[in-house]
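Visitor: Structure for this input, please:
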Amino acid sequence: MLENIGLIVASLTAIYGVNEWRRELKGRREYELAEEVLTLVYDCRERLRAIRSPFSHTGEGSTRKADANETPEQTELLNRAYVVFERYEQHREVFAHLFALRYRFMAVFGQESAEPLENFRKSLNDVFVSANMLPTYWLRQGRVQMEKEEFERQLKEMHEHESVFWGTLSEKDHFNDKVEGLVSEIESVCAKIIRPQPFWQKCCNFVTRRNNG
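Guide: Down below sits the predicted model:
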């Protein structure tokens, strides 16, 4: 009987040890993933600001392959819009690494938690969409006769794309505010793993919720 009891105790101890090891391994993996994603998000936020910077240097955008039928004016405007693609190439690997992690992030923390990451990727794509659209507006502006209503629509749409295409220093940058909001959402998810609440604070929050409920 003593041998059987000893065997049962040893088995339970082994099972507890394995389960504890699994929980510890799972927690460590979650921590490492949250830390890596949050670090990359901070990094990509700064890189996105650099991509959208309104300041450029001579020759920037000239790596674009020009069409043989382009006029010098068309080439200048198309090159100006190509700047964001040229800059992105310098940061492509970092963005690709972040966006590749979003599926793993989704699997570990849930689809809802990964939505800000997906929206961050879409925001970057919005910059590219505006870069593709703006040359058309620039080439029409002041060169094509338009009725008042059409002209106002052209001007409004052009300014909307420009507000996404590059950041502003003198005016409120709504696109950047949107990105900052997404970063805060990702930070909120990751902070729960990286900087968990102390036990006493969890108890206080529980009591508060019970009292409010």
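Visitor: The closest residue to residue 70 other than its chain neighbours: what's it in contact with?
Guide: Excluding its sequence neighbours, the residue lying closest to residue 70 (Cβ to Cβ, 6 or more residues apart in numbering) is residue 78, at 7.1 Å. Every C-beta, even on glycine, is put in place using the N, C-alpha and C of the backbone. Going by Cβ atoms under 8 Å, 6 or more residues apart in numbering, residue 78 touches 61, 64, 66, 70, 135.
Visitor: which regions of this protein lie under the pLDDT threshold?
Guide: Residue ranges of the chain with pLDDT under 70: 1-27, 169-170, 195-213.
Visitor: can you do 90?
Guide: Across the chain, residues meeting the criterion (pLDDT under 90) sit at 1-31, 54-59, 68, 140-146, 167-172, 191-213.
Visitor: circling back to that earlier point, and the contacts of residue 78, which of them are buried?
Guide: Among the contacts of residue 78, those buried by neighbour count (16 or more other Cβ atoms under 10 Å) are 61, 135.
Visitor: Residue 127 reaches residue 51, doesn't it?
Guide: Yes - assessed by Cβ atoms under 8 Å, residue 127 is found in contact with residue 51 at 6.8 Å.
Visitor: so what sits against both of those two?
Guide: Listed contacts common to residue 127 and residue 51 are residue 84; contacts here mean Cβ under 8 Å, 6+ apart.
Visitor: that older thread, among the contacts of residue 78, which are in helices?
Guide: Secondary structure defined by DSSP state H assigns residue 135 of the contacts of residue 78 to helices.
Visitor: of all the contacts of residue 78, which two lie farthest apart?
Guide: For the contacts of residue 78, the maximum inter-member distance is 13.3 Å, found between 61 and 70 (Cβ to Cβ).
Visitor: Outside of stretch 188-197 itself, which residues are in contact with it?
Guide: 30, 31, 34, 35, 37, 38, 109, 113, 116, 205.
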